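K.L.:
got a predicted structure here, sequence first:
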Amino acid sequence: MRRNEPANGGADPRAEPAEPAAATPRPDGVEGGAAATLARTGDDPAPGRMPATRRRRRVALAVALVLALAFLAGVRSMEHILASAPAPGKPAPDFTLPQLDGPPVRLAELKGRVVVLNFWASWCLPCREETPALQAFYQRYGDRVAFYAINVAEPVDTVRAFLAEFGATYPVLLDRDKTVFRRYRVTGYPETFWIDPQGILRVHWHGPMTLADMERLYRETVAASQGAAPHPPKSTSRMVERVPRLPARARGS
């Protein structure tokens with residue numbers, strides 16, 4: 001006579017419970033399972049992911065590289081600006097500007113004569129003080145000097161009214177968008193550049209000039225172009241204090 005089999009699929013309830021199977025070790029020595037997952041730290045990432053510390057190092061390295069490249073670009077840009085800035089003894093930066101009355105004027109085409117570039121604005125009081133001396137110089141030396149008064153960013157009607165007020169007949173160039181103003185690093189009004197017949201800037205004069213100043217600067221510019229020492233060289237980049245000049249930022253200029 002057969003004994004009745006247990007109803008739970010044949011398992012004998014009197015049998016001792018089986019021991020749980022041991023977890024299969026991972027190649028890196030970390031046991032698998034949920035407990036191992038909870039024990040994992042940020043430096044022991046999931047398979048296929050980069051450790052957090054390594055990611056932070058790479059990000060820091062990339063940021064440092066970008067900052068270094070930006071610094072080098074800034075240094076090169078500053079070197080270019082300084083190299084292109086007008087300075088006595090260097091070629092004067094070329095430009096082309098429309099003339100108030102007449103064809104456009106290009107600086108490179110004026111070689112062979114001394115060139116005088118006077119930056120001004122109608123609202124500038126030192127410019128108004130200087131205008132009679134500019135007219136007197138132009139009348140005396142206009143056949144030997146390419147003299148141009150460069151008005152900066154003012155309407156044509158304003159320029160004509162100013163010239164009519166003083167009876168000025170010298171040529172005027174119009175720097176409407178301040179291109180030449182910026183190229184020559186003008187910082188205030190009036191400001192004048194004296195260029196020799198070879199196109200070399202010889203004198204950068206800050207402030208108003210008298211007729212005597214202009215006659216002396218003309219002689220110095222000619223002497224410098226002929227290889228003679230200027231007399232005296234202190235006129236270069238000299239600030240005249242008789243009438244204080246106005247900064248170019250005044251009135252939006």
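P.N.:
Nice, I can see it.

K.L.:
show me where the stretch 151-253 of the chain has its strands.
P.N.:
172-175, 188-189, 191-195, 201-206, 246-247 (DSSP state E, counting those that start in this stretch).

K.L.:
export those to JSON lines and tack on mean neighbour count and distance to Thr131?
P.N.:
Where you see a C-beta, it was placed from the backbone N, CA and C, and this is true even at glycine. What follows is these, written out as JSON lines (neighbours: other C-beta atoms under 10 Å; distance: least, C-beta to C-beta, whole Å):
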{"stretch": "strand 172-175", "mean neighbour count": "22", "distance to Thr131": "11"}
{"stretch": "strand 188-189", "mean neighbour count": "23", "distance to Thr131": "12"}
{"stretch": "strand 191-195", "mean neighbour count": "24", "distance to Thr131": "13"}
{"stretch": "strand 201-206", "mean neighbour count": "21", "distance to Thr131": "15"}
{"stretch": "strand 246-247", "mean neighbour count": "15", "distance to Thr131": "14"}
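
K.L.:
wait, which of the ones you listed is closest to Leu61?
P.N.:
Shortest separation from Leu61 across these is recorded for strand 246-247, at 45.5 Å, computed as C-beta to C-beta.

K.L.:
number of nearby residues for the residue nearest to Thr131 when sequence neighbours are not counted?
P.N.:
Nearest residue to Thr131 in three dimensions, chain neighbours excluded: Phe166, at 4.7 Å (C-beta to C-beta, 6 or more residues apart in numbering). Residues lying near Phe166 (other C-beta atoms under 10 Å) number 12.

K.L.:
what's near enough to touch Phe166?
P.N.:
Counting by C-beta atoms under 8 Å, 6 or more residues apart in numbering, Phe166 touches 128, 131-132, 135.

K.L.:
was I right about Tyr218 contacting Val145?
P.N.:
Yes: under the criterion of C-beta atoms under 8 Å, Tyr218 lies in contact with Val145, with a separation of 6.6 Å.

K.L.:
so what sits against both of the two?
P.N.:
114, 116.

K.L.:
got any ranges where the stretch 151-253 of the chain has weak pLDDT?
P.N.:
In the predicted model of the stretch 151-253 of the chain, residues 228-253 satisfy pLDDT under 70.

K.L.:
show me where the stretch 1-150 of the chain has its helices.
P.N.:
34-39, 52-84, 125-141 (DSSP state H, counting those that start in this stretch).

K.L.:
so what's Leu110 closest to, chain neighbours aside?
P.N.:
Ala146 (4.6 Å).

K.L.:
same thing with Arg185?
P.N.:
Counting by C-beta to C-beta, 6+ apart, Arg185 lies nearest to Ala85, which is 5.4 Å off, once chain neighbours are set aside.

K.L.:
and that neighbour, how far is that from Leu163?
P.N.:
31 Å (C-beta to C-beta, to the nearest Å).

K.L.:
just Pro98 next, same as before
P.N.:
16 Å.

K.L.:
also Pro104?
P.N.:
In terms of C-beta to C-beta, Pro104 sits 19 Å off from Leu163.

K.L.:
with distance to Lys111 as extra columns, can I get the strands of the stretch 151-253 of the chain in JSON lines?
P.N.:
Output for these, formatted as JSON lines (distance: least, C-beta to C-beta, whole Å):
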{"stretch": "strand 172-175", "distance to Lys111": "17"}
{"stretch": "strand 188-189", "distance to Lys111": "27"}
{"stretch": "strand 191-195", "distance to Lys111": "9"}
{"stretch": "strand 201-206", "distance to Lys111": "13"}
{"stretch": "strand 246-247", "distance to Lys111": "32"}
